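> need coordinates for the below:
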Amino acid sequence: MDESAPALDVSASTLELAKRLIASRSLTPDDAGCLDLIASRLEAVGFACERVDRGAVSNLWARHGHAEPIVCLAGHVDVVPTGPIERWTSDPFVPAERDGYLYGRGAADMKTSVAAMVTAAERVVAARPDHPGSIGILLTSDEEGDAVDGTVAVVDLLRERGTRLHACIVGEPTSAERLGDTIKYGRRGSLQGVLTVTGMQGHVAYPDRARNPIHAALPALTELAKMEWDGGDASFSPTRLQMSNMHAGTGAANVIPGTLEVVFNFRFGTASSVDGLQARVQEILERHKVDGEVAWTLGAEPFICSKGRLIEVLSQAVAAETGLTPALSTSGGTSDARFLAGISTELAEFGPLNASSHAIDECVRVADIGPLSLVYEQTVAALLTR
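Numbering: from 1, shown residues only. Sure, this is the predicted structure:
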């Protein structure tokens with residue numbers, strides 16, 4: 001008997017589904033039929049599928065089983081825009097295999113993970129239709145956008161029902177250099193500020209008749225850029241502030257602007273609080289006598305998950321399929337894990353290499369596709385049979 005045949009079948013079936021998903025132009029918040037495709041497959045093996053659509057967003061909650069514990073696989077089918085099509089080697093919505101890689105928008109983030117989760121769930125159910133507990137699959141078309149009607153809508157529904165997830169794996173692309181080298185078990189918070197500084201417009205030749213908001217804000221902005229906000233802790237790196245956009249002026253070279261707008265963002269861990277960061281920014285602005293106001297938007301609070309049974313089992317599955325012992329990390333941007341952490345006893349993120357996410361010629365290694373699905377399968381099966 002050819003022992004490699006099952007692994008080859010896993011890879012082939014998952015690759016085929018990943019290609020079908022990549023071929024769907026699911027730009028946020030359009031799921032472009034992805035959720036119907038997935039629901040039809042899951043229903044065929046006995047999952048009860050619910051659409052939890054809200055606004056323009058499509059969401060799917062699928063469950064196999066009625067008992068606890070509930071082990072959930074979560075992700076998104078929406079993708080970011082392609083950027084200049086002419087810079088892609090091939091059409092981003094026509095999946096292509098070249099030199100051992102699968103190319104297409106969403107290949108890394110995160111249609112391959114979604115395909116791997118679906119085929120993993122199918123195999124778990126096929127192997128044991130009467131498995132203990134329940135398998136949940138939660139998918140949205142609004143992770144890359146505003147994320148206000150996506151995963152959070154399903155979380156709201158589950159909370160209303162009193163449903164709690166005992167373990168949840170989010171399929172974000174977490175691997176850095178090789179599949180399996182990194183598991184995320186928490187994320188930093190995200191706090192955005194938009195500073196509007198008021199000046200007085202005038203002619204550059206008569207600065208005494210105007211008030212330049214750029215000049216007025218520069219000392220404060222320089223201090224903000226150089227500030228050490230905290231030293232981090234065992235789980236999170238030090239808090240960082242980055243200014244991402246700055247706008248002033250009419251476009252004319254001889255006009256002193258009347259206003260300045262600066263957009264900045266904090267990525268922060270548990271060593272700092274939202275209130276504390278806001279207060280320190282305000283103190284700096286007042287000390288430098290900046291005539292301005294900050295509009296704040298909290299994108300996410302930092303969270304950290306316990307290193308319990310889920311991390312143990314997931315790490316063992318990763319080691320079995322890749323030969324690597326994964327590092328535990330909280331680096332990177334925000335993800336829908338921030339919504340799921342509140343209803344999950346344990347949560348982790350694991351997926352393929354992140355290097356090409358959102359980039360031109362986004363891709364995944366074809367050789368990683370089968371092992372990724374097997375990691376999900378082993379983890380779910382082990383958690384259900386404890």
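> what ranges do the strands span in the stretch 1-150 of the chain?
With DSSP state E, counting those that start in this stretch applied, the stretch 1-150 of the chain shows strands at 48-51, 59-64, 70-76, 96-98, 101-103, 134-140, listed in chain order.
> what's the third one packed up against?
This means strand 70-76. helix 112-127, strand 134-140, strand 167-170, helix 366-384 (3 or more Cβ pairs under 8 Å, 6 or more residues apart in numbering; DSSP states H and E). C-beta: built from backbone N, CA, C; applies to glycine.
> low-confidence stretches in this structure?
Per-residue confidence for the chain (pLDDT under 70) gives these ranges: 1-8, 386.
> hang on, the earlier thing: could you dump the strands of the stretch 1-150 of the chain into CSV with mean neighbour count and distance to Ala121 added?
Written out in CSV, the entries for the strands of the stretch 1-150 of the chain read as follows (neighbours: other Cβ atoms under 10 Å; distance: least, Cβ to Cβ, whole Å):
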stretch, mean neighbour count, distance to Ala121
strand 48-51, 14, 12
strand 59-64, 23, 7
strand 70-76, 27, 7
strand 96-98, 14, 25
strand 101-103, 21, 21
strand 134-140, 26, 5
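> between the ones you listed, which gets nearest to Asn245?
With Cβ to Cβ as the measure, strand 70-76 is the member of the strands of the stretch 1-150 of the chain nearest Asn245 (25.7 Å).
> quick one: buried residues of stretch 147-158?
Across stretch 147-158, burial judged by 16 or more other Cβ atoms under 10 Å covers Ala147, Asp149, Gly150, Thr151, Val152, Ala153, Val154, Val155, Leu158.
> check stretch 17-30 too.
Of all the residues in stretch 17-30, those buried under the rule 16+ other Cβ under 10 Å are 17-24, 26-30.
> residue boundaries of the helices in the protein?
According to DSSP state H, the chain carries its helices in the segments 4-22, 34-44, 112-127, 151-161, 213-226, 274-287, 309-322, 337-340, 366-384.
> the last one packs against which elements?
This means helix 366-384. Packed next to helix 366-384, using 3+ Cβ pairs under 8 Å, 6+ apart, are helix 4-22, strand 70-76, strand 101-103, helix 112-127, strand 167-170, helix 309-322.
> which phi and psi values does the residue most central in space within the chain adopt?
The centre of the chain sits closest to Ser335, judged by Cα atoms, centre = their mean, with a distance of 2.8 Å. In terms of degrees, to the nearest 10, the main-chain angles of Ser335 are phi -150, psi 180.
> which residues are in contact with it?
Contacts for Ser335 (Cβ atoms under 8 Å, 6 or more residues apart in numbering) come out as Glu143, Val170, Glu172, Lys184, Arg187, Glu349.
> tell me how far it lies from Phe350.
Summarising the geometry, the distance separating Ser335 from Phe350, computed by Cβ to Cβ, to the nearest Å, is 12 Å.
> in JSON lines: the helices of the chain, plus distance to Pro257.
As requested, these are arranged in JSON lines below (distance: least, Cβ to Cβ, whole Å):
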{"stretch": "helix 4-22", "distance to Pro257": "45"}
{"stretch": "helix 34-44", "distance to Pro257": "46"}
{"stretch": "helix 112-127", "distance to Pro257": "46"}
{"stretch": "helix 151-161", "distance to Pro257": "38"}
{"stretch": "helix 213-226", "distance to Pro257": "6"}
{"stretch": "helix 274-287", "distance to Pro257": "18"}
{"stretch": "helix 309-322", "distance to Pro257": "52"}
{"stretch": "helix 337-340", "distance to Pro257": "37"}
{"stretch": "helix 366-384", "distance to Pro257": "50"}
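> among those helices, which comes closest to Tyr206?
Comparing these by their distance to Tyr206 (Cβ to Cβ), the top pick is helix 213-226, with 14.6 Å.
> next, the angle from the closest one to helix 274-287.
Using axes from the mean of the first three to the mean of the last three Cα atoms, to 10 degrees, the inter-axis angle of helix 213-226 relative to helix 274-287 is 140 degrees.
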